[in-house]
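**Student:** model the following, please.
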Amino acid sequence: MEKIKMEHFKCIKRDNSPEEHEKQWRRSKIIFDCFHEYLKNKGLKERTASRQTEMVAFFVMDYLFVYDDAMSVLEVDGDTIRRFLGNWYIRKFLNPNMSEIKSFLRAILNFFTFLQENGFISNEQLSEIKEVCKDKAWFEMRLKTYFEAEGDAFYEWLREYDYEF
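**Tutor:** Down below sits the predicted model:
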């Protein structure tokens, strides 16, 4: 398997066209393939490793490089994850639920642990990401309050950790 290089983490998309998505996928795929192999080597079942890899690929390709306008996977911090799962996911998915949020958090934490173990991010960056991924109560509160908020409270909910600046 090819070795991951820093260039594989960079967003090269100029727009969100299918052609640009395909170019980005070809560039980034090695990261997801190596992550999948890492998970299998850690003892995860094929189905679990594949599901986590799919979730991370979705986070990177469909959120990070589209809505967050990140220039690199390596830019992710705790606020990025809060915007993704504490706002974007809740607003964009038809039936957002805590079970799926927890699965995303587990996959994202495993992914950034993989990146740290391979020297792509610092211990400090992983610590921040780990802290956010373990804060399940915050994500539960965000999901619950989304459905309860009305009027000005709903507007404030939308503004907090909004991905549309």
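
**Student:** residues contacting Lys136?
**Tutor:** Met98, Ile101, Lys102, Leu105 (C-beta atoms under 8 Å, 6 or more residues apart in numbering). Every C-beta, even on glycine, is put in place using the N, C-alpha and C of the backbone.

**Student:** where's the closest residue to the third one other than its chain neighbours relative to Met55, distance?
**Tutor:** Right, Lys102. Closest residue in space to Lys102, ignoring its immediate chain neighbours: Lys136 at 6.3 Å, by C-beta to C-beta, 6 or more residues apart in numbering. Distance, Lys136 to Met55, by C-beta to C-beta, to the nearest Å: 16 Å.

**Student:** for the lowest-mean-pLDDT helix or strand in the chain, name the packing helices and strands.
**Tutor:** The least trusted helix or strand in the chain, going by mean pLDDT, DSSP states H and E, turns out to be helix 151-159, with a mean of 92. On a contact count with 3 or more C-beta pairs under 8 Å, 6 or more residues apart in numbering; DSSP states H and E, helix 151-159 meets helix 136-148.

**Student:** buried ones in the helix it packs on, by neighbour count?
**Tutor:** Neighbour-count burial for helix 136-148 flags Phe139, Arg142, Leu143, Tyr146 (criterion: 16 or more other C-beta atoms under 10 Å).
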